[in-house]
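Visitor: Prediction below, plus the sequence it came from.
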Amino acid sequence: MFKKILIANRGEIALRVIRTCREMGIKTVAVYSTADKDSLHVKFADEAVCIGKPASSDSYLNVPAIMAAAEITNADAIHPGYGFLAENANFAEICGKYNIKFIGPTADMIRKMGDKITAKETMIAAGVPCVPGSGGLLESVEHALKLAPEVGYPVILKATAGGGGKGMRIVWSEEELEKAFDNAKTEAAASFKNDGLYMEKFVEEPRHIEIQIAGDQFGTVCHMSERDCSIQRRHQKLVEESPSPFMTPELRTKMGEAAIKAAAAINYESVGTVEFLVDKHRNFYFMEMNTRIQVEHCVTEEVITFDLIKEQIKIAAGIPISGKNYEPTMHAIECRINAEDPYNDFRPSPGLIKILHTPGGHGVRVDSHIYAGYTIPPYYDSMIAKIIAVAQTREEAINTMERALSEYVIEGIKTTIPFHQQLMKNAKFREGDFTTKFIESFELE
Ligand code: MV4
């Protein structure tokens, strides 16, 4: 087992990793930017190294500074968390060159899933259902114009280097295609330095359901059931839950098997997530695979009573997994609390937290790095906490969440708490009747 892990991240996920390391008897090294010198991850780690100025490019993305921090502290592994360098294949490779274990998949696995056309080709070859479309790159707008009627309008253009909605355009008819093609190409080039596009049939009003998987270094892969992440706004998830209210035992078996096939096709090592679109007839299609631990991993941890970070570290250390699949035994819902003003287009609201009271009690887990007197810096993601409510049934979990939200006092900044309070009361949400379009038409009182 590792003796010392450097956490190349900040905020709640850095803290999350530090906590599991402590339970496992592993020493921890925090790295931090000058803006984060008073952060909890710095205080809770055994050692801490400043790696640069506030901008991410100078600190949490500063590979030479992070490698130097790992060398001087004698860390034998690096946990990348999510975001920042978590899906950077070059970084994973550099860790290997320094003889430091990257806690995640190999560079080759990250690359295979990072390029969406390659990923889709791999999935089709493995027999994982995919949305029909161009297959490969669109060579030109003429090529797109010829293909679209064959695929059938509406179609969606996606960036092969993309993910998360950037460089994506929905096209309802031939008249819109040329402009959408040019816009998607320009956006993809600017965002990813790769303007490659592909086309798919547009699946209308889908649910976003993802399957948590784990694979070890010996070729064993298992699934840990689903999370429903359909409650999103501008491709940012706001609420996640498990089990999905749309799930059936048959669909879980089928999607679980497909996710295992997806991971096994690249000999996946580490924990990961296979994202699917699910249409109203419960047809499901591979969307992308996330080769990292995700923000919403906690809902799975709560419904299967399992520490996913511990599993991820054990896999990286070469310990085999059991190979059995996991079914949810509880219901868990997570609300992401962001330092944003939900009454003002979710505008970021960084600043000093003057008063804080964190909810607790039966069935409530709060993962957060904030404290009274802490100043949320403006340079990073605005998520400041995750509340996870756990109960025997969905209805009880929602009631527990409402109770927890009502106890949460954060003064000094605006947060998304009022948004979540209204969502938990919404009849359609309570019925489990929602798709990825739900938030578009959700109005705050
Ligand atoms: C789609 C789709 C409909 N049909 N692909 C959004 C982000 C990126 N990962 C893929 N996305 C979508 N791909 C086809 N063929 C609809 C979306 C989509 C979406 C997916 C999940 C959650 C929220 C979404 C919001 C808008 C569009």
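Guide: Structure's in. What do you need? Residues are numbered from 1 along each chain as shown.
Visitor: The ligand versus residue 417, what's the distance?
Guide: Separation of residue 417 from the ligand (CB to the nearest ligand atom, to the nearest Å): 23 Å. The way it works is simple: take the backbone N, C-alpha and C, and place the C-beta from them, glycine included.
Visitor: So what's the residue count around that residue?
Guide: Residues within reach of residue 417, counting by other CB atoms under 10 Å, total 18.
Visitor: wait, isn't it in contact with residue 339?
Guide: No. Using CB atoms under 8 Å, residue 417 makes no contact with residue 339, being 10.7 Å away.
Visitor: quick one: contacts for the residue of the stretch 1-150 of the chain found nearest the ligand?
Guide: In the stretch 1-150 of the chain, the residue that lies nearest the ligand is residue 131 (4.1 Å; CB to the nearest ligand atom). Contacts for residue 131 (CB atoms under 8 Å, 6 or more residues apart in numbering) come out as 200, 201, 203, 277, 285.
Visitor: Max pairwise distance over those: which two?
Guide: 201 and 277 (10.6 Å; CB to CB).
Visitor: neighbour-wise, which of those two wins?
Guide: Just comparing residue 201 and residue 277: by other CB under 10 Å the higher neighbour count belongs to residue 277, 19 against 16.
Visitor: Would you mind measuring from the more buried one to residue 72?
Guide: For residue 277, the distance to residue 72 equals 46 Å [CB to CB, to the nearest Å].
Visitor: what does residue 399 give?
Guide: Separation of residue 399 from residue 72 (CB to CB) stands at 50 Å.
Visitor: Mind checking which of these two has more residues around it?
Guide: residue 399 (16 against 11).
Visitor: that's a helix at that one, yeah?
Guide: Yes. The assignment for residue 399 by DSSP: H, G, I helix; E, B strand; the rest coil puts it in a helix.
Visitor: who does the closest residue to it other than its chain neighbours bridge with?
Guide: In space, and not counting its chain neighbours, residue 399 is closest to residue 391: 7.5 Å by CB to CB, 6 or more residues apart in numbering. For residue 391, the beta-bridge partners are residue 331 (DSSP bridges).
Visitor: Ok, residue 197 next?
Guide: As for beta bridges, residue 197 partners with residue 159 under DSSP bridges.
Visitor: Just want the most central residue of this protein.
Guide: For the chain, residue 294 is the residue whose C-alpha lies nearest the centre (CA atoms, centre = their mean; 3.7 Å).
Visitor: And what about that residue, helix, strand or coil?
Guide: Going by three-state DSSP: residue 294 is coil.
Visitor: That one contacts residue 82, doesn't it?
Guide: Yes. Contact criterion CB under 8 Å: residue 294 and residue 82 qualify, at 5.9 Å.
Visitor: circling back to that earlier point, out of the contacts of residue 131, who's near the ligand?
Guide: Contacts with the ligand within the contacts of residue 131, counted by CB under 6 Å from any ligand atom: 200, 201, 203, 277.
Visitor: As a markdown table, these with pLDDT and secondary structure would be great.
Guide: Shown next, in a markdown table, are these (pLDDT from 0 to 100; DSSP: H, G, I helix; E, B strand; the rest coil):
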| residue | pLDDT | secondary structure |
| --- | --- | --- |
| 200 | 98 | strand |
| 201 | 98 | strand |
| 203 | 98 | coil |
| 277 | 98 | strand |
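Visitor: Distance to residue 237 added to the residues you listed, as CSV?
Guide: As requested, these are arranged in CSV below (distance: CB to CB, whole Å):
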residue, distance to residue 237
200, 21
201, 24
203, 18
277, 15
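Visitor: Identify, from the residues you listed, the entry nearest to residue 215.
Guide: residue 277 (22.7 Å).
Visitor: I figured the closest one hits residue 208, correct?
Guide: Yes. Shown here, residue 277 and residue 208 form a contact pair, counting by CB under 8 Å, at 6.8 Å.
Visitor: Mind checking what helix or strand follows the helix or strand encompassing residue 298 in sequence?
Guide: Taking DSSP states H and E as the criterion, residue 298 maps to helix 297-304. Per DSSP H and E, helix 297-304 leads on to helix 308-316 as the next helix or strand towards the C-terminus.
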